[in-house]
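Q: Build me a model:
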Amino acid sequence: MNNDKDKLANAVVIHMMEHDLFSQWLGIEVMEIKEGYSKLKMTVRKEMINGFGIVHGGIAFALADSAFAFACNNRNNLSVALDTAINFTRPVHVGDELTAETKELHNGKSTGLYHITITNQKDHVVAVFKGTCFRTSKKLIS
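A: Numbering: from 1, shown residues only. Sure, this is the predicted structure:
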């Protein structure tokens, strides 16, 4: 952590993860947090496959959505998803280790725009996610 802003960002994400039972169930590990940025990792489990024997698209979406939430909220302004979209570029399989990295494209007073790239353990892009958030005036931590 380089500065006070990154320290606050980490404190907010720690608080969020403590209360985020779904991200905990996914097995998400927080790799790195900086203001407006997040990098998460998770390993795909067998109960995450769909009827085609590949991982359900909702798993990659959920990982990206968590990365989005951690990046857009880590300035301690409660932000909620306004619009999201995902493109799947490769199938995901049981045992794959997925990494989601968030880049902040726009940080406005009432909205933010984020791009999340999800890669597997071979560094192949398996999905790309774009999210727009709406910023409220509420704080997550005091």
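
Q: how about the strands of the protein, start to end?
A: All strands of the chain, identified by DSSP state E, fall at 29-34, 37-43, 79-88, 97-107, 111-119, 125-135.

Q: For the first one, which outside residues touch it?
A: Same thing as strand 29-34. Residues outside strand 29-34 that contact it (CB atoms under 8 Å, 6 or more residues apart in numbering) are 1-2, 6, 9-10, 13, 17, 38-42, 70, 74, 99. Every residue, glycine included, has its C-beta placed from N, CA and C.

Q: again, but for the fifth one
A: For strand 111-119, the surrounding residues in contact (CB under 8 Å, 6+ apart) are 36, 60, 63-64, 67-68, 71-72, 79, 82, 98-106, 125-135.

Q: Just the buried ones from those?
A: 36, 60, 63-64, 67-68, 71-72, 79, 98-102, 104, 126-133, 135 (16 or more other CB atoms under 10 Å).

Q: shaky segments in the protein?
A: Low-confidence segments of the chain (pLDDT under 70): 1-2.

Q: Nearest residue to the middle of it?
A: Nearest residue to the geometric centre of the chain (CA atoms, centre = their mean): Ala67, 1.0 Å.

Q: Show the contacting residues for that residue.
A: Taking CB under 8 Å, 6+ apart, we find Ala67 in contact with 38-40, 100-102, 116, 129.

Q: and the two most separated of the residues you listed?
A: The span of those, defined through CB to CB, is set by Lys39 and Phe129 at 13.7 Å.
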